[in-house]
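S.K.: 3D model of this:
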Amino acid sequence: MTMSPSPAHEHHHATAHRTLVHHVVVQAFVVIVFVALVLWAVLFANYPAVHDPFHELRHALYIVPCH
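M.R.: So this is what the prediction gives:
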């Protein structure tokens, strides 16, 4: 004979699943924002140590005129 899970157990499982999904969404948002900030800093920087290595990329993407 199998026992069905109690309503409290089902509620706990559903709450844990929602919390996990919420954490994954928040983590994905944080990663996207971080990557966007890094790309913005690299593509729009005028500081020579950052600008020079990415100079050709800036021109190739036609995003940032630097001359």
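
S.K.: count of neighbours near P53?
M.R.: Neighbours of P53 under the rule other C-beta atoms under 10 Å: 10. The way it works is simple: take the backbone N, C-alpha and C, and place the C-beta from them, glycine included.

S.K.: Over to I32?
M.R.: 10.

S.K.: What helix or strand is it located in?
M.R.: Using DSSP states H and E, the element containing I32 is helix 7-44.

S.K.: what mean pLDDT does that helix have?
M.R.: Per-region confidence: helix 7-44 scores 81 on mean pLDDT.

S.K.: Number the chain from 612, please
M.R.: With 612 as the first residue, the last one maps to helix 618-655.

S.K.: helix or strand right after it?
M.R.: Taking DSSP H and E, what comes next after helix 618-655 is helix 659-662.

S.K.: Name the next helix or strand following that following helix along the chain.
M.R.: By DSSP H and E, the next helix or strand past helix 659-662 is helix 666-671.

S.K.: Please identify the buried residues of that following helix?
M.R.: R669 (16 or more other C-beta atoms under 10 Å).

S.K.: chain center to it, what's the gap?
M.R.: 24 Å (C-alpha atoms, centre = their mean, to the nearest Å).

S.K.: What is it packed up against?
M.R.: Contacting helix 666-671 under the criterion 3 or more C-beta pairs under 8 Å, 6 or more residues apart in numbering; DSSP states H and E is no other helix or strand.

S.K.: Using PDB, write out the CA atom coordinates for it.
M.R.: Extracted C-alpha coordinates of helix 666-671, given in PDB (Å, rounded to 0.1, in the frame of the first residue of the first chain):
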ATOM      1  CA  HIS A 666      40.100  49.300 -30.900                       C
ATOM      2  CA  GLU A 667      39.500  47.000 -34.000                       C
ATOM      3  CA  LEU A 668      36.500  45.400 -32.400                       C
ATOM      4  CA  ARG A 669      34.900  48.900 -31.900                       C
ATOM      5  CA  HIS A 670      35.400  49.700 -35.500                       C
ATOM      6  CA  ALA A 671      34.200  46.200 -36.700                       C
END
